[in-house]
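Asks: Give me the fold of what follows.
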Amino acid sequence: MGPRFRRRQSPVSGPRPTARPAWPVRLMRRVGAAARAHAALISAAAAAALTGLSGWLAGPSLQSWFVAMGMDAERGALLASVVLVTLATAVVAALSRQSGATRLGGLAGFVGIQVVPFLIRAATTPPTPGLHATADILGWVLQPLGMLLLAALAVVIGAALGTGLVRDLSRLRALLGRRRLWPAVPAAAAILVIAGMAASTALQDGPLSALVDYGASAPTASSTTRPDSPSSSPQTGTSQAETPVPTPDLTALRQLPGRIQSVVIGGRLVVVYVPGIYDADPSLRLPVLYLLHGSPGDPEEWLGNGGQLQGVLDQLIGAGTVPPLLVVMPDGNGTNSQDTEWGDVANGDIESWLVDQVVPAVDGQFRTLGYSYQGIAGLSSGGFGAMNLAFRHPTVFSWAGSYSGYFTARENIFGSKTAANSPLDTAARVPVADRMPIYLGYGADDGISAGTNQFASVLKNLGWPKVNVQEVPGGHGWEAWRAEVVNSLTWLGQLWGAQPWAPVTSRVTG
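Replies: You can find the predicted model right below:
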């Protein structure tokens, strides 16, 4: 046999093996794969983190901007959080294209920058000193729910800006097409309505005040029967001598709850608080206090969850802290609800309307005591307006109060009349005989403290007879304003006495 020969093997067809990638490349591929697998979770975390970071960096400045525009501190914080969560959601949604997860992350971030701090403030903020209050348990549920509804709208808008609204609408249509979810529609609609009401309250009055009810524990009399008294005196007149000594049942009558009456004067709304004793004893004439709202605002803000003025007045009158009085809350908004600072400006002649029409109309329709027991006060821009009107009409108002107000007119509103409407400049022009007692209040966390103390120094240098300056807890919001109302009316009750309608010789001032 011949030698054996090995058969030549043919090479295997196919690509040749490649070298293994370097470890940085492998790491990046793994990270990319993990990112794709967990894109939704990463987007949610990014939205929450960006919301929290923006709240920490820009939240206080944005809140201050809203306060400078006329908002109170609580509403300023809420609106700042809504704006920031909208922007954060839009940015992350645009980068990730994960709209659903981004919205959830934005909501989580909103809870961190708004809801949790709000609940902490609510738990640590005591009720207004001098008032009885009960916790509004429903408010503790509805206010956070209302905030979440606002945040939900904000993140939907933000995600829509980032990814487009069409996708959301198509998904909503598909969701509504599932019949098994239809039974939940009424419940969802009810939650939206209730949350919408809470959200509206939070935006109008600030959410913190809705957690405490100052009317629930107001004292009430056991009977509303009017005691025997002389026949009703005429509706007008200002003389104290014509007013008989009050009835012996004054203590019980003072505890009757008041009512709210709305009237229209000169084509504008005026809201009046009428104490229960006014209707129970037609022989009495009462003092009048004019309260001016801020901007943006209206007369109703005194009565809503923020001011809760009806319950506050019922308590103060019932306890004898302040004598029964009529409280008049006019509407000082100008054209298109623009700020007028309660002056005669291009947006409306509010000063002339209030002094020349409202005051005479109130004296004509209600039994009042006239100038000697006629005061004016206001909050924020209303505090400015009250002080300005008191200085410009010192024979109309015998007492004035500013609740977190300021004392220099804004040139963009008054123009060439700015100096003539700045209490800081006009205080010296008030005749010495007409210089009324003045209350100046401000919140410890409010930025207007320096201006208030400066104004108080000007009055002191002028030898102003009675100036009461008080700092209260809180910022530029209802927690401070309500405390200032209570403190100022406590002082006013000491000035006017318990029975200002009685003749001087028989008046009880204790």
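Asks: got the buried residues for stretch 259-276?
Replies: For stretch 259-276, a neighbour-count test (16 or more other C-beta atoms under 10 Å) marks 260, 263, 265, 268, 270-276 as buried. (Each C-beta comes from the backbone N, C-alpha and C, glycine too.)
Asks: avg pLDDT for it?
Replies: Averaged over stretch 259-276, pLDDT sits at 95.
Asks: before we move on, what about stretch 467-478?
Replies: What stretch 467-478 shows for mean pLDDT is 91.
Asks: Run through this structure and note the low-pLDDT ranges.
Replies: Scanning the chain for pLDDT under 70 picks out 1-38, 68-71, 162-185, 187-249, 503-510.
Asks: the domain parsing of the protein - what is it?
Replies: Per automatic domain parsing, the structural domains of the chain span 32-213, 250-506.
Asks: Please work out which of those domains is packed deepest.
Replies: Across the domains of the chain, averaging neighbours per residue (mean count of other C-beta atoms under 10 Å) puts domain 250-506 on top, at a mean of 20.
Asks: quick revisit: widest-spaced pair of the buried residues of stretch 259-276?
Replies: Farthest pair in the buried residues of stretch 259-276 (C-beta to C-beta) is Arg268 and Gly276. Separation: 26.8 Å.
Asks: Just the buried residues of stretch 259-276: which are in strands?
Replies: With DSSP state E as the criterion, strands contain 260, 263, 265, 268, 270-274 from among the buried residues of stretch 259-276.
Asks: Do you have the helices of the stretch 201-350 of the chain handy? List them.
Replies: With DSSP state H, counting those that start in this stretch as the criterion, the stretch 201-350 of the chain has helices at 250-254, 276-280, 309-318, 350-352.
Asks: wait, which of those is closest to Trp481?
Replies: helix 309-318 (10.2 Å).
Asks: then that closest one to PDB, C-alphas only?
Replies: Provided in PDB are the C-alpha atoms of helix 309-318 (Å, rounded to 0.1, in the frame of the first residue of the first chain):
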ATOM      1  CA  LEU A 309     -64.200  88.100  59.800                       C
ATOM      2  CA  GLN A 310     -67.800  87.300  60.700                       C
ATOM      3  CA  GLY A 311     -66.800  84.700  63.300                       C
ATOM      4  CA  VAL A 312     -63.900  86.900  64.500                       C
ATOM      5  CA  LEU A 313     -66.200  89.800  65.100                       C
ATOM      6  CA  ASP A 314     -68.900  87.600  66.800                       C
ATOM      7  CA  GLN A 315     -66.200  86.500  69.200                       C
ATOM      8  CA  LEU A 316     -64.700  89.900  69.900                       C
ATOM      9  CA  ILE A 317     -68.100  91.500  70.400                       C
ATOM     10  CA  GLY A 318     -69.500  88.700  72.500                       C
END
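Asks: How far does stretch 388-395 sit from its chain's centre?
Replies: Distance, stretch centre to chain centre, for stretch 388-395: 27 Å (C-alpha atoms, centre = their mean, to the nearest Å).
Asks: what's in contact with that stretch?
Replies: Outside of stretch 388-395, the residues within contact range by C-beta atoms under 8 Å, 6 or more residues apart in numbering are 341-343, 351, 354-355, 371, 376, 396-397, 400, 409, 421-423, 426-427, 429-431, 434-436, 438.
Asks: List the contacts of Leu462.
Replies: Going by C-beta under 8 Å, 6+ apart, Leu462 touches 427-428.
Asks: Quick check: the gap between Val116 and Pro360.
Replies: Distance, Val116 to Pro360, using C-beta to C-beta, to the nearest Å: 52 Å.
Asks: so what does the helix or strand hosting Val67 touch, helix or strand wise?
Replies: Here Val67, judged by DSSP states H and E, is contained in helix 39-68. Secondary-structure packing of helix 39-68 (3 or more C-beta pairs under 8 Å, 6 or more residues apart in numbering; DSSP states H and E): helix 73-96, helix 99-110.
Asks: Residues contacting the last one, please?
Replies: Under the criterion C-beta under 8 Å, 6+ apart, residues 39-41, 43-52, 55, 81-82, 85, 88-89, 92-93, 96, 147-148, 151-152, 154-156, 158-160, 162-163, 167-168 lie in contact with helix 99-110.
Asks: Which stretches in this protein count as strands?
Replies: Ranges of strands within the chain are 134-135, 212-213, 259-265, 268-274, 288-292, 326-330, 344-345, 348-349, 374-379, 399-403, 438-443, 467-472, based on DSSP E.
Asks: Verify the stated contact: Leu250 with Ala502.
Replies: No - assessed by C-beta atoms under 8 Å, Leu250 is found out of contact with Ala502, at 9.7 Å.
Asks: Report the inter-axis angle for the helix holding Val67 versus helix 73-96.
Replies: Relative orientation of helix 39-68 versus helix 73-96 (axes from the mean of the first three to the mean of the last three C-alpha atoms, to 10 degrees): 150 degrees.
Asks: residue contacts, the closest residue to Val458 other than its chain neighbours?
Replies: Nearest non-adjacent residue to Val458, counting by C-beta to C-beta, 6 or more residues apart in numbering: Ala427, 5.9 Å away. Counting by C-beta under 8 Å, 6+ apart, Ala427 touches 391, 455, 458-459, 462, 464.
Asks: redo that, cut-off 10 Å
Replies: 387, 391, 407, 435, 438, 455, 458-459, 461-462, 464 (C-beta atoms under 10 Å, 6 or more residues apart in numbering).
Asks: now it: how far from Leu459?
Replies: Distance from Ala427 to Leu459, by C-beta to C-beta: 6 Å.
Asks: before we move on, what about Pro431?
Replies: Between Pro431 and Leu459 the distance is 15 Å, computed by C-beta to C-beta.
Asks: same thing with Ser416?
Replies: Taking C-beta to C-beta, one finds Ser416 at 26 Å from Leu459.
Asks: same check, this time on Gln357
Replies: Counting by C-beta to C-beta - Gln357 and Leu459 are separated by 30 Å.
Asks: do the same with Leu495
Replies: 17 Å.
Asks: what do you get for Gly106?
Replies: Distance from Gly106 to Leu459, counting by C-beta to C-beta: 50 Å.
Asks: follow-up on the earlier one: among the contacts of Ala427, which one lies nearest to Asp314?
Replies: Of these, the one sitting nearest to Asp314 (C-beta to C-beta) turns out to be Ile438, at 26.3 Å.
Asks: I'd assumed Gly401 was in contact with that closest one.
Replies: Yes - Ile438 sits in contact with Gly401 when judged by C-beta atoms under 10 Å, with a separation of 7.2 Å.
Asks: shared neighbours of those two, anything?
Replies: Listed as contacting both Ile438 and Gly401 by C-beta under 10 Å, 6+ apart are 377, 386-387, 390, 468, 488.
Asks: now these as a markdown table including distance to Glu74?
Replies: As requested, the shared contacts of Ile438 and Gly401 are exported to a markdown table (distance: C-beta to C-beta, whole Å):
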| residue | distance to Glu74 |
| --- | --- |
| Ala377 | 21 |
| Ala386 | 23 |
| Met387 | 25 |
| Ala390 | 28 |
| Asn468 | 26 |
| Ser488 | 21 |
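Asks: What is the nearest of the residues you listed to Arg254?
Replies: Nearest to Arg254 among the shared contacts of Ile438 and Gly401, with distances taken as C-beta to C-beta, is Ser488, at 19.4 Å.
Asks: ok, Ala47 - contacts?
Replies: Taking C-beta under 10 Å, 6+ apart, one finds 85, 88-93, 96, 98, 101-110, 155, 158-159 in contact with Ala47.
Asks: so Ala80 makes contact with Gly59?
Replies: Yes - with contact defined as C-beta under 10 Å, Ala80 counts as touching Gly59 (5.4 Å).
Asks: which residues do these two both contact?
Replies: Joint contacts of Ala80 and Gly59 (C-beta under 10 Å, 6+ apart) are 113-114.
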